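Attaching a predicted model along with its sequence, questions to come.
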Amino acid sequence: MEEILVKEYRGDIVECIHKGYICIVGDDGKVKCSIGDDNFVTYMRSSAKPIQAIPLIKRNIDEKYKLNDKELTVMTGSHRAEPFHVEALEGIMKKVGIEESELICLPTYPLGVKAKEDILRNNGEKRRIYHNCSGKHLGLLTLCRELKCDTKTYWDKDNEAQKEILKYISNLSDYKEDKVLIGTDGCGVPVFGMPMKNLATIYMKMACPDLIKDEYTRTAVKKITTLMNENYEMVSGTNLICSVLLQDKNIIAKGGAKGVYCFGLKKERLGIAIKVLDGSEEEWPLIVSEVLTQIGYENKETIERLNNVFPSVIVNDNNKIVGHSETEFTISMEKNKDE
């Protein structure tokens, strides 16, 4: 069963209750803490993007196409089409030789409010690369070129690029390929479903690449996590949770749609998966801050940064504080909970 994660108060009344799941996995592969059922199955959504980039990094596409670090990093991200994102996306297309029309993402305006306003003020038009998943799509098209498979079906689960990605999803999650549930993500490509504990396992291994047996995959994961930390603004956007967390080089983090958020802690050797069952994302910072606080996370600056950028107070349209949010869960770390 799911459990209450957050309550929202307006005045003295509980106005909203957000239920869900939290699972923490240690470097022994065991569940250390579970809020709700750790076997609850959910789609990874965009938390899969860093893993989807592994086959590209393993092939050293940065050297082949002379891609810079920001261009590589945006392939792992859910960008907001801010100017620096667009510059990186256009750089990939030019260097790899991809036409914007090859992307199956339909033209849209940026998710970033300021970026969208600037485009509208300048009578700009919708573009496919403004879609927040376009970095991943450019990566998939690049992978198809490397595999010499059909770029026109890069979105299909039976495409060779997608089959290869599934192998990494399975390997890092310790979940058999034939058990991974395949759906269609919002952007049109395959999305991967698995239990919470396996999703947390992926991010535990991203934080602890020494546990990855294959040398080339291990090297690729180290490079991806370093890129995400050093170019944190490319993973999401200005003052978003991924950008705030990734400034801490001990953390590897990536969210997905419909309430899924995952992060790994390198020093603590933990992987954490969160699912807000109603699909809300507003509660992520409060939940992550509380998880870090309850486990005694050493870098208090990261927690403070989260709380400053995402205060727990609720403000109305007149910028007046009218309520607040509170977490309702308790983290109790146990050794070898699965046993």
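Here it is on my side, so go on.

So Phe263 sits against Gly256, correct?
No: Phe263 lies out of contact with Gly256 (CB atoms under 8 Å); the separation is 11.9 Å. Any C-beta I mention is one placed from the backbone N, CA and C, and that applies to glycine too.

Look at the two and report which has more neighbours.
Higher neighbour count among Phe263 and Gly256: Phe263, with 28 against 23, using other CB atoms under 10 Å.

OK, contacts around Thr42?
By CB atoms under 8 Å, 6 or more residues apart in numbering, the contact set of Thr42 is 21, 193-194, 196, 199, 260, 275.

Look up how far Asn159 lies from the nearest residue to Thr217 once chain neighbours are set aside.
Closest residue in space to Thr217, ignoring its immediate chain neighbours: Ile54 at 6.3 Å, by CB to CB, 6 or more residues apart in numbering. Going from Ile54 to Asn159 by CB to CB, to the nearest Å gives 16 Å.

Equivalent analysis for Gly186, please.
Noted for Gly186: a distance of 18 Å to Asn159, by CB to CB.

swap in Arg128?
Noted for Arg128: a distance of 19 Å to Asn159, by CB to CB.

Have a look at the two and say which one is more surrounded.
Neighbour tally, Arg128 and Asn159, criterion other CB under 10 Å: the higher count belongs to Asn159, 22 against 19.

Run a quick check on that one versus Lys148, I expect a contact.
No: look at Asn159 against Lys148 with CB under 8 Å: they stay out of range, at 12.0 Å.

Show the residue spans covered by the strands in this structure.
For the chain, the strands defined by DSSP state E occupy 3-10, 13-26, 31-35, 41-43, 181-184, 190-195, 251-255, 260-265, 270-276, 313-315, 321-327.

closest one to Thr293 among those?
Nearest to Thr293 among the strands of the chain is strand 321-327; the distance by CB to CB comes to 9.2 Å.

who does that closest one touch, helix- and strand-wise?
strand 3-10, helix 284-294, strand 313-315 (3 or more CB pairs under 8 Å, 6 or more residues apart in numbering; DSSP states H and E).

for these, which one ends up most surrounded?
For the helices and strands packed on strand 321-327, the largest average neighbour count (mean count of other CB atoms under 10 Å) is found in helix 284-294, namely a mean of 22.

Take it, keep the C-alpha atoms, and write them as PDB.
Only the C-alpha atoms of helix 284-294 are listed here, as PDB (Å, rounded to 0.1, in the frame of the first residue of the first chain):
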ATOM      1  CA  TRP A 284       9.700  16.500  -4.900                       C
ATOM      2  CA  PRO A 285      12.000  19.200  -3.300                       C
ATOM      3  CA  LEU A 286      10.300  18.900   0.100                       C
ATOM      4  CA  ILE A 287      10.400  15.100   0.000                       C
ATOM      5  CA  VAL A 288      14.100  15.000  -1.100                       C
ATOM      6  CA  SER A 289      15.100  17.500   1.500                       C
ATOM      7  CA  GLU A 290      13.300  15.500   4.200                       C
ATOM      8  CA  VAL A 291      14.900  12.200   3.100                       C
ATOM      9  CA  LEU A 292      18.400  13.900   3.200                       C
ATOM     10  CA  THR A 293      17.600  15.400   6.600                       C
ATOM     11  CA  GLN A 294      16.400  12.200   8.200                       C
END
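
what angle sits between it and strand 3-10?
120 degrees (axes from the mean of the first three to the mean of the last three CA atoms, to 10 degrees).

Longest helix in the protein, by number of residues?
When the chain is parsed with DSSP state H, its longest helix is helix 215-230.

between it and strand 260-265, how many degrees?
100 degrees.

Tell me the buried residues in helix 215-230?
For helix 215-230, the neighbour count (16 or more other CB atoms under 10 Å) marks 217, 220-221, 223-225, 227-229 as buried.

what do you get for stretch 96-113?
Taking 16+ other CB under 10 Å as the criterion, stretch 96-113 shows 96, 98, 103-105, 108-112 as buried.

for it, what is the average pLDDT?
Rounded to a whole number, the mean pLDDT of stretch 96-113 is 97.

and what of stretch 32-49?
The average pLDDT within stretch 32-49 is 98.

go on, stretch 223-234?
98.

do the same with stretch 61-72
Mean pLDDT, stretch 61-72: 97.

mind checking the end-to-end distance for it?
Distance across stretch 61-72, first residue to last, is 9 Å (CA to CA, to the nearest Å).

And stretch 93-102, by the same measure?
Note: stretch 93-102 ends 10 Å apart using CA to CA.

what sits up against it?
Contacts to stretch 93-102, defined as CB under 8 Å, 6+ apart, come from residues 61, 65-67, 71, 92, 127-129, 138, 141-142, 145, 151-152.

7 Å instead, please
The contact list for stretch 93-102 (CB atoms under 7 Å, 6 or more residues apart in numbering) reads 65-67, 92, 127-129, 138, 141-142, 145, 151.

Name the pair among the contacts of Thr42 with the greatest separation in space.
Tyr21 and Gly193 (13.8 Å).

Just to check, Glu160 is in contact with Cys149?
Yes: between Glu160 and Cys149 there is a contact at 4.1 Å, judged by CB atoms under 7 Å.

nearest to Ile169, of the helices and strands packed on strand 321-327?
It's helix 284-294; of the helices and strands packed on strand 321-327, that one is closest to Ile169 (CB to CB) at 22.1 Å.
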